[in-house]
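Participant: Here's a sequence, model it:
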Amino acid sequence: MHGEYISIVISTAALAISAASAYFARRSWYQTYRPVVTAFIAEDDGGTSATAYNLVVSNTGNRPATDVRIEASPKDIQKLVMPEAEKSRREEAYRCFRPESTITVLRDGEEMKTALGAYTSNSANGPWLNYGAEIQINVLYKDLSGRRYKSTMPIKIIARDGFGGSFWAEST
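Facilitator: From the prediction side, this is the model:
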């Protein structure tokens, strides 16, 4: 009788350990094999009359992401745009954060970008992005199974090349 009790306890413990192991293996798989979507502002081209900036969305995970959307409060978006910028220029920045700018599918390893605006300008309107402005954004997305993810991160209008203020140009 005593031997049966011990074998039942050992079997139950083995079953519990196996179930926990299966649970943690599955959970680890979901954390490892998933989309990881980030967003940042990058300099597109520095010309003689303006420096253009893009809002870049990148999936550095190893699974596709769906319904990728970037959210920011209107108050925060205002920090990115110079107050004296034309209304049409302000709208260019705001549209990046609207629901209609949702990316349907972002493949693993893929990067997509959209124009955010320009900083310097020789026109009478002057610059329309606030260089150095930093705000918090939310990046919302799903995986192919419909699991939802939300990441909060800062974005900043600054040149990524020479993030400390300067850089050595590549030799030609």
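
Participant: How are the strands of the chain distributed by residue range?
Facilitator: Taking DSSP state E, the strands of the chain run over residues 37-46, 50-59, 65-71, 103-106, 111-121, 134-142, 148-156.

Participant: quick one, which of these is nearest to residue 94?
Facilitator: strand 111-121 (10.3 Å; Cβ to Cβ). Bear in mind the C-beta positions are built from the backbone N, C-alpha and C, glycine included.

Participant: export the least confident helix or strand in the chain by mean pLDDT as PDB, just CAs?
Facilitator: Scoring the helices and strands of the chain by mean pLDDT, DSSP states H and E places strand 111-121 at the bottom, with a mean of 82. What follows is strand 111-121, C-alpha atoms only, in PDB (Å, rounded to 0.1, in the frame of the first residue of the first chain):
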ATOM      1  CA  GLU A 111      11.100  48.500 -43.200                       C
ATOM      2  CA  MET A 112       8.600  51.000 -44.500                       C
ATOM      3  CA  LYS A 113       8.800  54.700 -44.400                       C
ATOM      4  CA  THR A 114       6.600  57.800 -45.000                       C
ATOM      5  CA  ALA A 115       7.500  61.500 -45.300                       C
ATOM      6  CA  LEU A 116       7.300  63.300 -42.000                       C
ATOM      7  CA  GLY A 117       8.500  66.700 -43.200                       C
ATOM      8  CA  ALA A 118      11.500  68.900 -43.700                       C
ATOM      9  CA  TYR A 119      13.500  70.800 -41.200                       C
ATOM     10  CA  THR A 120      15.500  73.500 -42.900                       C
ATOM     11  CA  SER A 121      14.100  75.500 -45.800                       C
END
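
Participant: Tell me the strands beside it, with direction?
Facilitator: strand 50-59 (antiparallel) (DSSP bridges).
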